[in-house]
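Asker: Give me a 3D structure for the following:
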Amino acid sequence: MAKRLAFLLCLSAVLSFAETRSGVLVDSRCWGAEERNVNPTDTLTSVDRDTNREIRYCSPNAKTKFFAIVQTDGLSFKLDSAGDAKAAELIRTTGKQPLYRVAVTGSVNKKTINVDSIAIAR
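Answerer: Sure thing, here's the model as predicted:
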């Protein structure tokens, strides 16, 4: 029993490695709406979309409560509640910018990042 528990603890530690992801910080509710705003009969939706315009449109502001990052390859990840709080603090301390390029460190669980730290990318 003790060996099985030790094995499970080691396995969970391996699966939850912290990794750093970089991208542009966006309002996750706005981004989700933009992602769903597609023509259901269109087969080439990725070609017809202007991702850069959507990122600028969904740029967060001081009132934003829910955040996501969009990577250069177009993949997006929501931040967990602790990450939302850290991102809101980052927005408050950084001030208004057209784009917030960030580096987020944490573990990824499906499409959500459990945030350890978030900082403006240099």
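Asker: all contacts plus neighbour counts: C-alpha atoms, from now on.
Answerer: Fine.
Asker: Arg92 in helix, strand or coil?
Answerer: Classification of Arg92 by DSSP: H, G, I helix; E, B strand; the rest coil places it in helix.
Asker: That one: what's its closest spatial neighbour, skipping adjacent residues?
Answerer: Leaving out its chain neighbours, the residue that sits closest to Arg92 by Cα to Cα, 6 or more residues apart in numbering is Ala62, at 6.2 Å.
Asker: same question, Trp31
Answerer: Of all residues beyond its chain neighbours, the one nearest Trp31 is Cys58 (6.0 Å), with distances taken as Cα to Cα, 6+ apart.
Asker: How about Val104?
Answerer: Nearest to Val104 is Ile118, by Cα to Cα, 6+ apart, at 4.5 Å.
Asker: Partner strands of the helix or strand containing the one you found and their direction?
Answerer: Applying DSSP states H and E as the criterion places Ile118 in strand 112-120. Sheet pairing of strand 112-120 (DSSP bridges) gives strand 76-79 (parallel), strand 101-109 (antiparallel).
Asker: The ones you listed: which one's closest to Thr51?
Answerer: strand 76-79 (11.5 Å; Cα to Cα).
Asker: Rounded mean pLDDT for that closest one, please.
Answerer: For strand 76-79, mean pLDDT is 94.
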